Structure formats: structure tokens, C-alpha cells
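**Student:** no sequence on hand, only this structure:
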């Protein structure tokens, strides 16, 4: 059976017209709601600080985002780094901090790669004294440091 033969049947023609009317009605009813929703979401996103937009869920992993910004500024893009975590207190630490510190740093510090023998150490709650030949490039009072070994 061809389309022309089906289109000549009044019931089929009526069904197509009914579908088009329902489609137009749903567009008229739903489009303004969808535009308002998207507008609210865009306004909310625009109201966020740049750090909040860039860091997003990382705020739950790294309570002090400055360590990763410093690491990104100091570690060359073609270099490697390692994340070392420890049991030293970290201010505003969450249950996500230590288990996910390396994974989030991997995303945030791209294109840099992790390496267990890297001279760059992102220390999150670790014992800085465990690296006696390291230079402290950056540190805060909240439990994070950026170290450079062999300098």
C-alpha cells in the first residue's frame, strides 16, 4: 500500500490532522514553561562566581580550592605531579576529600599527568616532613601544600 493510497482514506487523514493539532497545542502550552525554566537555570548559573562554575562538585572534595589553582599555575602543562593524602587535619574536610582528592585533581590539572615519581607533590593533609628535600612552593593554614622535590 502506498502513501497516496493511505492518504486518501478519510480516517488516516483525520488522524494526521489530529496529531498535528495535538503537537501544535503542546508546543503552545509547553514552550513558554520550558523557556522560563531554562531562563531560571541560566540566571542561576550566571550568578555563580567563576570558581563555583569551574570547580563545581570539586568544592565537596577540596574545601580549599586554592591548592589546585596554585598547582595549575606552578606545574607546567607538560609536566607530571602526584597527589599525596594523609591523616593531618584539613579544615572543612568532607567524607569526599581524601578518597577523591587524586581523581578530582586528575580532571582539574589536565593536561598534566600523574606519576608516582613526579617532583611535584600536591599534599592534601599529608606530612610535609616526609619530604625532607622538598621545597614548599605554596602552603595554606588549612592542610594543603604544593611541594617541589629536588630543588
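**Tutor:** Thanks, I have it. Remember, it's a predicted structure, so these values are computed and weren't measured experimentally. Residues are numbered from 1 along each chain as shown.

**Student:** hey, what's residue 124 bridged with?
**Tutor:** residue 85, residue 144 (DSSP bridges).

**Student:** show me what contacts it?
**Tutor:** Residues near residue 124 by C-beta atoms under 8 Å, 6 or more residues apart in numbering: 62, 67, 83-86, 90, 97-98, 101, 143-144. All C-beta atoms are positioned from the backbone trio N, CA, C, and that covers glycine.

**Student:** how about a cut-off of 7 Å?
**Tutor:** By C-beta atoms under 7 Å, 6 or more residues apart in numbering, the contact list for residue 124 reads 83, 85, 90, 101, 143-144.

**Student:** quick one: least confident of those?
**Tutor:** In terms of pLDDT, residue 90 ranks lowest among these, with 83.

**Student:** residue 126 is in contact with that one, correct?
**Tutor:** No. Distance between residue 90 and residue 126: 9.9 Å, which falls outside the contact criterion (C-beta atoms under 7 Å).
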